[in-house]
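Asker: Provided below for reference: sequence and predicted model.
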Amino acid sequence: MTEAPRSKIGRLKVRAEFLKAAKAPYQARGGVVVQARDRGDGPETGPEPGLESGLESGTEMRVGFTATKKIGGAVKRNRAKRRLREAARALLPLHGLPGHDYVFVARATTIDRDWAGLLDDVKAALIRLSRPKTTPPSNTDTASREKTVR
RNA sequence: CCAGACGGCCGGGCGAUCGCGGGAGAAGCUUGCUUCCUCGAGGAAAGUCCGGGCUCCACGGCAAUAUGGCGGCGGGUAACGCCCGCCGGGGGUGACCCCAGGGACAGCGCCACAGAAAGCAAACCGCCCUGCGUGCAGGGUAAGGGUGAAAGGGUGCGGUAAGAGCGCACCGCGUCUGCGGUAACGUAAACGGCACGGCAAGCCCCGCCAGGAGCAAGACCAAAUAGGAACGGCGCGCGGCCUUCGGGCUGCAGGGCAUUGCCGCCCCGGACCGUUCGGGUAGGUUGCGUGAGCCGUCCGGUAACGGGCGGCCAAGAGGAAUGAUCGCCACGGCCUUCGGGCCGGACAGAACCCGGCUUACAGGCCGUCUGGUCCU
């Protein structure tokens, strides 16, 4: 789809993709719940020319946002999604893994959490999710990037 | 100045950095990206309660019925159950506020409890008269008592055995006439001696208004797969038996070209192949914002509103943009050593579009009016 693998973050749009992500590992921090799913078409396999999976191909990482009615009315739900979207924009290129789908689930505390705290929550959840046992080989440069950030 | 009534308006401002959605705006190049420019939530965007526009479906016209809604009169409007003005009734010292406010001689029904009596009036305690056996019978009466939401006009005077619209005055009510008003209605006089109780938010009657579904409406483009149709090529087919399920053996093979056999050709049937077409799913485009539009001004109208002229184009997503952080100022609290410091931001987010209604709302501004108090 594009040559720049890092700056491009796709968006989850279909309900089925959210349901798949909901079965994946997740991490709950103070103001947010993050779910991460490895789509299994990592960058080493490369875009197979014959395969039909060209749509969700390659190193792209994608993200979706969810806020249930438990949080409040439309204003509160939109506000929570906006804050999560902004946090994802800032942190996902640094701590996200390529080829993964992330779903950020808003909680009741998402709105009132102060901004720095919310960023810490998201960062901690992303780092925790990025070092499970099945680490892809492409994770090395991501880890080094993490080190430089700290 | 205090208390209050009514109407209108606002819903923080400026800036910096990083971002997001739209653009038939401009430039650049590597032709699908970058940079710049520009526009980007509300007074209720909400509830989805009424009225419309716009779509599709249904439908020959008219009338009636059913069902639902509306209900003083006049006006406004595209329309309304909305708005304005007025009338009537009720409340308030007042400014003002409130009212499901058509019909009870079309009919049915109801009026609990209490009370003697609750609807073609009757008479419990009374009051009065007559009779006598002196506490009962007969009669008159509806003033007084008591019940009730409501007791067959009210108050006063006369009248009477006691009373009673029995008579009179005023008030109420009814009828008729005059006058004012477009009308609802108001008002005056005369007459009537009071008859016609209330409930229509019980059914009902009368008048008026209503076909249905909704932008997930509807229109267009159109993969893959399956199925359909047309055309062309092609006898590739069918039955029976056996089977180790791979197949084998055997028989038959439509109609026409006069007839019979063979060959050939054509038609038909059917399997497969090819081409084309239509329906249609995913997906995409559109509907989708120039409109009962907004601003200014003048004119008509008490007003709602209407008209003229000039100017403007101002969200349009589709997992759904309008955000994050910071600084200064304004506003509101609290503290203050009067320098300042620390907190805080209501209700709520467009989804086809308008007109209303209803509900939610921190804080603030403006105008008109009423009552009271003080000063001049």
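Answerer: Yep, it's here. Residues are numbered from 1 along each chain as shown, chains lettered A, B, ... in the order given.
Asker: List, one by one, the residues from chain A near RNA strand B.
Answerer: A:2, A:11-15, A:18, A:64-66, A:73-75, A:78-79, A:81-83, A:85-86, A:89, A:114-115 (CB under 7 Å from any atom of the strand). The C-beta positions use only the backbone N, C-alpha and C, and glycine is treated the same way.
Asker: Can I have the buried ones of those as a PyMOL selection?
Answerer: Only the buried members of these enter the following PyMOL selection, criterion being 16 or more other CB atoms under 10 Å:
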select buried, chain A and resi 12+18+64+65+66+79+81+83
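Asker: Among the residues of chain A next to RNA strand B, which lie within strands?
Answerer: Within the residues of chain A next to RNA strand B, residues falling in strands by DSSP state E are A:11, A:64-66.
Asker: What is the nearest of these to A:Asp120?
Answerer: For these, the residue nearest A:Asp120 by CB to CB is A:Phe65; the value is 18.7 Å.
Asker: okay, A:Arg15: pLDDT?
Answerer: For A:Arg15, the pLDDT comes out at 71.
Asker: And A:Trp115, by the same measure?
Answerer: Per-residue pLDDT puts A:Trp115 at 80.
Asker: just to revisit the earlier point, which of the ones in strands among the residues of chain A next to RNA strand B sit farthest apart?
Answerer: Across these (CB to CB), the longest gap, 12.5 Å, separates A:Arg11 and A:Thr66.
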